[in-house]
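Participant: based on what follows, work out the 3D shape:
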Amino acid sequence: MTTHPHPTSPSHDAASANLDPKKPAVLLLSGGLDSATCLAIAKSEGFDVHALTVTYGQRHTQEVDQARAIARSLGAASHRVVSLDLRAIGGSALTDTIDVPKDDGSKSDGDVPITYVPARNATFLGIALGLAEVLGAADIFIGVNSVDYSGYPDCRPEFIAAFEALADLATRAGVEGTRFKIHAPLQRLSKAQIVQRGIALGVDYGMTHSCYDPAEDGAACGHCDACQLRRAGFASAGVADPTRYAG
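Facilitator: I've put the predicted structure just below:
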């Protein structure tokens, strides 16, 4: 596993401004719509946000470039990129030689789709938890959603609650008295509500990327589960979709 820190300039200087330091928080930033909104929310709540992006052997890394731009735009205190190789275990259309489903309605049939990456959020939260210990942070943000989502088991409230309990047991900080909080502010919002919240907080959604299978020039396919959810969210919110679609 390799780490590539990309510090950004803090949005404030607490010492020179004679203000109390903001509370540090770690936020998982994928470069997509949800995580960008989550970053804006964390900032609006007064946290000093340290963004963490994980490259894991996914089909493309365009979202990583978007994450860097979003971290700068929204004023993250720092941004780190950690590299894993989940392609070594495969088991997902995003990390294996399996076609990404298109226009198949998998988001609504009740089954876990093949775009689910085995234990991805558990793995990512574990890394975020480690960084939180290093930074002395007790707060971790993740942009999971259980309303307009693809049926992934690691987006459910039960998973978030279970990981929060695990964090207190599995860390030195936890056994020494720190009580970790896993924030999932988008958990019960529809995609339209997420878009509306982000617009109100100044998120530039033209900087975000959601597509599972983009064209070589970076255009979103428009037909995968992620594209369909994104498209419907903007339409329901009554907000122009800034996404460049291939078709």
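
Participant: same for whichever strand in the chain runs longest, what does it pack against?
Facilitator: Counting by DSSP state E, the longest strand found in the chain is strand 47-55. If contacts are counted by 3 or more C-beta pairs under 8 Å, 6 or more residues apart in numbering; DSSP states H and E, strand 47-55 sits against strand 23-28, helix 33-44, helix 62-73, strand 78-83, helix 120-135, strand 139-141. Where you see a C-beta, it was placed from the backbone N, CA and C, and this is true even at glycine.

Participant: nearest to S236, of those?
Facilitator: Judged by C-beta to C-beta, the one of these that comes nearest to S236 is helix 33-44, at 13.3 Å.

Participant: please save the CA atoms from that closest one in PDB.
Facilitator: C-alpha atoms of helix 33-44 as PDB (Å, rounded to 0.1, in the frame of the first residue of the first chain):
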ATOM      1  CA  LEU A  33     -21.200  13.700  -6.400                       C
ATOM      2  CA  ASP A  34     -21.900  12.300  -2.900                       C
ATOM      3  CA  SER A  35     -18.500  12.600  -1.400                       C
ATOM      4  CA  ALA A  36     -18.100  16.200  -2.700                       C
ATOM      5  CA  THR A  37     -21.400  17.100  -1.100                       C
ATOM      6  CA  CYS A  38     -20.300  15.400   2.100                       C
ATOM      7  CA  LEU A  39     -17.100  17.500   2.100                       C
ATOM      8  CA  ALA A  40     -19.100  20.700   1.700                       C
ATOM      9  CA  ILE A  41     -21.400  19.600   4.600                       C
ATOM     10  CA  ALA A  42     -18.400  18.800   6.900                       C
ATOM     11  CA  LYS A  43     -16.900  22.200   6.200                       C
ATOM     12  CA  SER A  44     -20.200  23.900   6.900                       C
END
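
Participant: quick revisit: now the longest strand of the chain and helix 62-73, what's the angle there?
Facilitator: Angle, strand 47-55 to helix 62-73, by axes from the mean of the first three to the mean of the last three C-alpha atoms, to 10 degrees: 160 degrees.

Participant: quick one: strands adjacent to strand 47-55?
Facilitator: Sheet pairing for strand 47-55, assigned by DSSP bridges, gives strand 23-28 (parallel), strand 78-83 (parallel).

Participant: who touches that strand?
Facilitator: Residues outside strand 47-55 that contact it (C-beta atoms under 8 Å, 6 or more residues apart in numbering) are 10, 21-31, 39, 42-43, 61, 64, 67-68, 70-71, 75-84, 123-124, 127-128, 131, 135, 137, 139, 141.

Participant: can you check stretch 134-143 too?
Facilitator: Against stretch 134-143 from outside (C-beta under 8 Å, 6+ apart): 23-28, 30, 32, 34-35, 37-39, 41-42, 47, 49-50, 121, 124-125, 128-129, 131-132, 160, 167, 173, 178-186.

Participant: can you check stretch 172-189 too?
Facilitator: By C-beta under 8 Å, 6+ apart, stretch 172-189 touches 25, 34, 37-38, 41-42, 125, 129, 132-133, 136, 138-147, 157, 160, 163-164, 167-169, 171, 194, 197.

Participant: show me which of the residues you listed are buried.
Facilitator: The neighbour count (16 or more other C-beta atoms under 10 Å) marks 25, 34, 37-38, 41-42, 125, 129, 132-133, 138-146, 160, 163-164, 167, 171, 194, 197 as buried among the contacts of stretch 172-189.

Participant: now do the contacts for A76.
Facilitator: 8, 27, 29, 39, 49-51 are the contacts of A76 under C-beta under 8 Å, 6+ apart.

Participant: check for me that it belongs to a strand.
Facilitator: No. Per DSSP: H, G, I helix; E, B strand; the rest coil, A76 lies outside any strand segment and is coil.

Participant: how far away is it from E176?
Facilitator: 27 Å (C-beta to C-beta, to the nearest Å).
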